[in-house]
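**Q** I'd like to go over a predicted model; first the sequence, then the structure.
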Amino acid sequence: MRRAGRLSAVGIAALAGWLFADMLLVLAVVTMADRPDPLAAASPGPSGKGGASASPSPTPTGPRSLVKKAEKFEVAGTDEDDLVRQIRRQTERWAGREAALVMTFGGSAGGNRYAHRVNSLLGRARPKMFTRNTATEDFHALDEPADTASLTVYFYTSPS
C-alpha cells in the first residue's frame, strides 16, 4: 500500500531492479563499444612503384567490438519446442552473426524465471549465434503479460 509521498517495499524493489538493469546495460555497452572496429579497413595508399595499384587491405586483428545498435524481438508461450521455433524464426535475418549480450525481459512478477527459461533455449534455436560465450541477463517487466518475453540482442561486429 502506498502512503502519501512514500513508496511501498515492492515499489522500491522494482525501482532498484530497473536501476540495476539500466546500469548493467550502460556498463556492458560502454565496455564493449569502446573498442575500435576491427573491420574498419585502412585506406589503401598508392604502391611504392608509382603505379595506381593499391596494396591489399590488412587483416583485422585484436578483440572484436560490439555493434552499438541493439536488435529486438519477442516470443510468447510455454511450449519449449514452440519457443525454439519462434526464436529461430525471429532471428533468421541475423543468421551468420554472433550475439555478445542478450537481455531478456519476461512479463509479470514471475518474469525473471520465464526470461531465464527463454535464455536457456537460445543455443538450441541458433547454436552458432548464441554460444557459450554469449552473456545473458534475466529481467522482469511487470507491465507485460505472463509467458511473454522481449529480447534485446547486441551482436559482435564480426564473426569469430
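**A** Perfect, I can see it now. Numbers count the residues shown, from 1 in each chain.
**Q** tell me the helices in the protein, going along the chain?
**A** 9-33, 80-90, 111-125 (DSSP state H).
**Q** list the buried ones in the shortest one?
**A** When burial is assessed from 16 or more other Cβ atoms under 10 Å, helix 80-90 yields the following buried residues: 83-84, 86-87, 90. (Glycine included, C-beta is placed from N, CA and C.)
**Q** lowest average confidence across the helices of the chain, which one?
**A** Mean pLDDT is lowest for helix 9-33 out of those, coming in at a mean of 74.
**Q** residues making contact with it?
**A** Outside helix 9-33, the residues within contact range by Cβ atoms under 8 Å, 6 or more residues apart in numbering are 2, 7, 65-66, 68, 100-101, 103, 135, 137, 139-140, 142, 154.
**Q** cutoff 7 Å now
**A** 2, 65-66, 68, 100-101, 103, 137, 139, 142 (Cβ atoms under 7 Å, 6 or more residues apart in numbering).
**Q** which of those scores worst on pLDDT?
**A** residue 2 (48).
**Q** tell me which two of the contacts of helix 9-33 sit farthest apart.
**A** 2 and 65 (44.7 Å; Cβ to Cβ).
**Q** in terms of neighbours, single out the busier of the two.
**A** For residue 2 and residue 65, the more surrounded residue by other Cβ atoms under 10 Å is residue 65, and the numbers stand at 20 against 9.
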